[in-house]
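> Pasting the sequence and the predicted coordinates here, then a few questions.
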Amino acid sequence: MQCIFIVTIISLHLTTADHYKTKPNFVKTCQISDPDFDDCSKEAVQLLFNALGPGLPEIDLPPLDPLNIPKIRILQGDGPVNVNAALDDVIVSGFGKTEVLLSQVDSKSYDFYTKVRVPKMRIEGTYDLKGKILLIPLVGRGRCWFEPSNMTIDIVSDVKLYKKDGFTFFNVTNVHVKYNIGGLKLYMHNLFDGISSLEESTNAYLNANWRPVSDSLRPILTKTIENILIEFMQQIFHNLPASFMIEDLKK
Ligand SMILES: *[C@@H]1O[C@H](CO)[C@@H](O)[C@H](O)[C@H]1NC(C)=O
Ligand SMILES: *[C@@H]1O[C@H](CO)[C@@H](O)[C@H](O)[C@H]1NC(C)=O
């Protein structure tokens, strides 16, 4: 069965900023030729995540925690999830507690491999939904929240190097994500336009079956995380010279 889905995040409003000319204090410099590079780089990426929490206004980067997303539009046909949905005024909290588990950089291509853990995340917003999840027809609009716990995310980022103003930068061209979660709680208010017995029993059913629910939402959530990460990574790395992070870049 073919599964078609589209996730559109309507702009985080990132703009062009003036890049860092000197190394900011949240950047730790590593040598890729160092046998302990992975340890150094894990620490460096952790410092970067810590700085991203409150945001970096000097390069026009909004806070990562809480993260405000004006709109997420989801269209997915066939399969166990068949959804036409929009999430508006989305607030994602929890990325500020991201724990970096592993960071590796390919010594030839400079592609990044990063593994992180987000202990608790909460996604809140206003949903408008018409579709099926686990073959249950769902219709409604209202407030909703989702709380995935112990999320581990494997991130592979394709990068290219380029020169600007005499500095070398990383151009993050693609981000591929795989994730696992240890639990999921959720509530959608006003399901079935407020028939409260149906709303409560359906929410209870979705929570009791969180594993298949989460599996069926995987393509949507994967794409959403990829879209957020690529916007943030591009904004950081177009503004942060690569040699501030890896001093011994190949010429
Ligand atoms: C979180 O998940 C990882 C692997 O997915 C597991 O090894 C770890 O024990 C879990 N931690 C908690 C606190 O549940
Ligand atoms: C980054 O890579 C993309 C895709 O290959 C390309 O279209 C874009 O021009 C590159 N940007 C810079 C600044 O090199």
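Cool, the structure landed. Ligands and ions are numbered 1, 2, ... in the order given.

> which strands and helices sit next to the lengthiest strand in the chain?
In the chain, ranked by residue count with DSSP state E as the criterion, the top strand is strand 136-164. Helices and strands touching strand 136-164, as assessed by 3 or more C-beta pairs under 8 Å, 6 or more residues apart in numbering; DSSP states H and E, comprise strand 112-120, strand 122-133, strand 167-180, strand 183-188, helix 196-208, helix 210-237. For the C-beta atoms, the positions are set from N, CA and C on the backbone; glycine is no exception.

> can we see that at 6 Å?
Using 3 or more C-beta pairs under 6 Å, 6 or more residues apart in numbering; DSSP states H and E as the contact definition, the elements that strand 136-164 packs against are strand 112-120, strand 122-133, strand 167-180, strand 183-188.

> What lies in contact with the shortest one?
Contacts to strand 183-188, defined as C-beta atoms under 6 Å, 6 or more residues apart in numbering, come from residues 144-149, 203, 210, 214.

> Stretch 189-198 now?
With C-beta under 6 Å, 6+ apart as the criterion, stretch 189-198 contacts 140, 142-143, 199, 202.

> Out of the residues you listed, which is nearest to ligand 2?
Top of the list for closeness to ligand 2, among the contacts of stretch 189-198 and by C-beta to the nearest ligand atom, is Arg143 at 38.4 Å.

> so what pLDDT did that closest one get?
Arg143 is assigned 97 on the pLDDT scale.

> burial of the nearest residue to it once chain neighbours are set aside, as a residue count?
When the adjacent residues along the chain are set aside, Arg143 lies closest to His189, with 4.7 Å between them (C-beta to C-beta, 6 or more residues apart in numbering). A count of nearby residues for His189, using other C-beta atoms under 10 Å, gives 16.
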